[in-house]
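# my questions concern the predicted model and sequence given below.
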Amino acid sequence: MNSETGNERSPARRLAELSGDVVKRLADRLPATTTEQLRTFHYVGEHGELADCLAAAISKARVPLTGDERDAVAELLRLFAIPTEGLHFVDRREEIIAALNVVDG
C-alpha cells in the first residue's frame, strides 16, 4: 500500500510499470533496435520518450495488437498531460489510438 495514495499506485509508479509491461509484450513485433531503445528509455526513466517512440513505431509499422494491448497502449499514452513539449505522438494520442492495428487474437 502506498502511504500517499492508499490502495492506488502513484502515477509515476503506474507509468513505470505500464511502460515496462507494454515494451515486454510488444518486443517480439518490433525491430530489435527499437526494442533496445525502448528498454533504454525505460531503464533510465525516460517514460515520455518511451511512450512517444512506442506510439511512433507501432503506428507507422501498423504493428498488430490485441485489444488488451491496444488498451494498455492507450492507458500509457493517456497518463501524460497534453500538450507535451516534444512528444508529438503523445500529443496526437487519440488519433494514434484510433488508428492502431487491432487484430483478433
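Sure, I can see it.

# who's in contact with the nearest residue to Arg39 once chain neighbours are set aside?
Of all residues not flanking Arg39 in the chain, Val23 sits nearest, at 6.2 Å (Cβ to Cβ, 6 or more residues apart in numbering). (Each C-beta comes from the backbone N, C-alpha and C, glycine too.) By Cβ atoms under 8 Å, 6 or more residues apart in numbering, Val23 lies in contact with Thr35, Leu38, Arg39, His42, Leu50, Leu54.

# CA atoms only: put the helix-or-strand element of the chain with minimal mean pLDDT into CSV for me.
Least confident element among the helices and strands of the chain, by mean pLDDT, DSSP states H and E: helix 11-26 (a mean of 95). Output of helix 11-26 as CSV, limited to C-alpha atoms (Å, rounded to 0.1, in the frame of the first residue of the first chain):
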residue,chain,number,x,y,z
PRO,A,11,1.0,8.0,-11.2
ALA,A,12,4.8,7.8,-11.6
ARG,A,13,4.9,4.2,-10.4
ARG,A,14,2.0,3.3,-12.7
LEU,A,15,3.8,4.9,-15.6
ALA,A,16,7.0,3.0,-14.9
GLU,A,17,5.2,-0.3,-14.5
LEU,A,18,2.9,0.1,-17.5
SER,A,19,5.7,1.3,-19.9
GLY,A,20,7.9,-1.7,-19.0
ASP,A,21,5.0,-4.1,-19.4
VAL,A,22,4.0,-2.7,-22.8
VAL,A,23,7.5,-2.9,-24.1
LYS,A,24,7.8,-6.5,-22.9
ARG,A,25,4.5,-7.5,-24.5
LEU,A,26,5.4,-6.0,-27.9
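
# after it, next one along is what?
Of the helices and strands lying after helix 11-26 in sequence (DSSP states H and E), the nearest is helix 32-44.

# and the following helix or strand past that following helix, how far out from the chain middle?
Reading on from helix 32-44 to the C-terminus, the next helix or strand found by DSSP H and E is helix 47-60. From the chain centre to the centre of helix 47-60 is a distance of 6 Å (Cα atoms, centre = their mean, to the nearest Å).

# any idea of the mean pLDDT in helix 47-60?
Averaged over helix 47-60, pLDDT sits at 97.
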